[in-house]
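Trainee: Predicted coordinates and the sequence they were generated for:
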Amino acid sequence: MNIFIINSGSSSIKYQLFRMPSSSPVCSGLVDRIGLENSVIVHKTYINDEEKVIKITDEIPDHEAGLKKVNELLTDSEIGVITDAYAIEVVGHRVVHGGESFTDPTIITPEVKEKLKLTFQLAPLHNPAAFRGIEVAEKIFRGANQVAVFDTAFHQTMPPKAFRFAIPDSYYTDHNIRAYGFHGTSHQYVSHQAELYLNNKALKLISIHLGNGCSITAVNNGKSVDTSMGFGPLSGLIMGSRSGDIDPTIIFYLVNQLGYDIEQVSNLLNKRSGMIGLTGFSDMRDIRRLIAEGDEQAKLAYDMYAYRIRKYIGAYTAVLNGLDALIFTAGVGENDPIIRELVCRDIGYLGIELDTDKNNTRTDGIREISKTGSRVKILVIPTNEELEIASQCYELLK
Ligand SMILES: Nc1ncnc2c1ncn2[C@@H]1O[C@H](COP(=O)(O)OP(=O)(O)O)[C@@H](O)[C@H]1O
Ligand SMILES: CC(=O)OP(=O)(O)O
Ligand SMILES: [Mg+2]
């Protein structure tokens, strides 16, 4: 079954084609800088264990133009991997917010699309872009079933004491105001990989997803029991451009004293805060460069980022009443040894002991970076949201 996975961002589209049930991709790629100058597609094919990379710089004004170009690459007479767009049987879309309506992989129908529109304001950076990706994919891959897989789904196992907010009941019963949690596909994938790696299903895990968005999840026996993102993907850890936890009093002050309207508040907390707000850069590689140049503000931002994660590790160790393994994943978690070291510093009391040499050694695949004898294993596990989505689509439609 040819399953094409689309992860639409506001200015990018990540994609992968799987021939399920095989878990190795046939091709993958990234359409980046959509609607900006110097848009670029990096397209990779993996045929007979040989990786080929094609880079195209072109004008890509919108998602439709981007996906049309990707389709041209997929069906190209020389480097193509399918005959025509009809060869794609399923398109799996990463949809960040499923709201109260969606808890399982869902075949997209006009009714589903109407309900998805209601979630736009809950995940303004993500759901409108995913919706655009769905509409474009429907036009291009006409023969395919379109399926949505939600970031919120894995967290549906949280107990009410974790997902409810302490506001009057009616806000939950009438308006579905509760914590949903995000990055569920990633937390689910890496915690399952940890179970396989440690050969044990009855584990107490803390999964730390550090990408552009960041979240941390307590996982008990394979089930999410608490997570740091809430009603939308804004609370919890400090992120590339999002604040994470702040005191809501700040919002009242911004509105009442500084004259902000609510759009400006949303823009501030979603797009101009976090690491970009503190340092001018959202990418950790830029921030590391600033630190190397002696920038004190960048160093403080780095410390704040790691400190917030450490606080949650303490909280979730208490939630789980113990801990078997800590997992680092996603762009920063997989690639930034200094952040991992800062997070794991001075928490030996919890049985978390990092091996500095192992932490600084890069290898592919799953890595154990804790000291031999550390009570808690520390693992770096590359996430693969696209593969997890493809597997869930396959299970739904096979
Ligand atoms: N070598 C690296 N060192 C430190 N950080 C890195 C490195 N490579 C990538 N990153 C970080 O990973 C982030 C992107 O992570 P990713 O999981 O791809 O995010 P998203 O899926 O949200 O776009 C970048 O913003 C960057 O900060
Ligand atoms: C939910 C979320 O924050 O996703 P991302 O990290 O892809 O922005
Ligand atoms: Mg991501």
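Mentor: On my side now, so go ahead. Ligands and ions are numbered 1, 2, ... in the order given.

Trainee: got the phi/psi numbers for the residue lying farthest from the centre of the chain?
Mentor: Centroid-distance maximum for the chain: Q257 at 34.9 Å, with CA atoms, centre = their mean. Main-chain torsions, Q257, degrees, to the nearest 10: phi -100, psi -40.

Trainee: what residues are up against the residue of the stretch 51-200 of the chain found nearest ligand 2?
Mentor: Among all residues of the stretch 51-200 of the chain, F182 sits closest to ligand 2, at 3.7 Å; criterion: CB to the nearest ligand atom. Glycine gets a C-beta too; all of them are placed from N, C-alpha and C. Applying CB atoms under 8 Å, 6 or more residues apart in numbering, we find F182 in contact with V96, H97, A123, D151, T152, H155, G213, S215, T227, M229, P233.

Trainee: Can you report phi and psi for it?
Mentor: According to degrees, to the nearest 10, F182 has phi -140, psi -180.

Trainee: ok, the lengthiest helix in the chain near ligand 1 or not?
Mentor: If you go by DSSP state H, the chain has its longest helix at helix 296-320. No. Interface with ligand 1: helix 296-320 contributes nothing (CB under 6 Å from any ligand atom), its closest point being 10.5 Å away.

Trainee: so who does the residue in the stretch 201-350 of the chain that ligand 2 sits nearest to touch?
Mentor: For the stretch 201-350 of the chain, the residue closest to ligand 2 is G213, as judged by CB to the nearest ligand atom, at 2.1 Å. Counting by CB under 8 Å, 6+ apart, G213 touches F182, H183, M229, P233, M239, G240, R242.

Trainee: From I251, how far out is it?
Mentor: 20 Å (CB to CB, to the nearest Å).

Trainee: and what of G99?
Mentor: Distance from G99 to I251, by CB to CB: 22 Å.

Trainee: Equivalent analysis for F120, please.
Mentor: Using CB to CB, we find F120 at a distance of 20 Å from I251.

Trainee: repeat for P25
Mentor: P25 is 42 Å from I251, by CB to CB.

Trainee: Give me the more crowded residue out of those two.
Mentor: P25 (22 against 16; other CB atoms under 10 Å).

Trainee: For that one, give me phi and psi.
Mentor: Torsion angles, degrees, to the nearest 10, at P25: phi -70, psi 150.

Trainee: What of F120?
Mentor: phi -50, psi -50.

Trainee: now do E114
Mentor: With angles defined as degrees, to the nearest 10, E114 sits at phi -60, psi -40.

Trainee: How about S235?
Mentor: According to degrees, to the nearest 10, S235 has phi -90, psi 170.

Trainee: which non-adjacent residue is nearest the residue of the stretch 1-150 of the chain found nearest ligand 1?
Mentor: Nearest residue of the stretch 1-150 of the chain to ligand 1 (CB to the nearest ligand atom) works out as G9 at 6.5 Å. Once flanking residues are discounted, G9 sits nearest to A129: 5.6 Å by CB to CB, 6 or more residues apart in numbering.

Trainee: and what of C27?
Mentor: T45 (4.5 Å).

Trainee: and that neighbour, how many neighbours does it have?
Mentor: Neighbours of T45 using other CB under 10 Å come to 21.

Trainee: for G351, same thing?
Mentor: 16.

Trainee: Shouldn't I6 be within a strand?
Mentor: Yes. When DSSP: H, G, I helix; E, B strand; the rest coil is applied, I6 is found to be in a strand.
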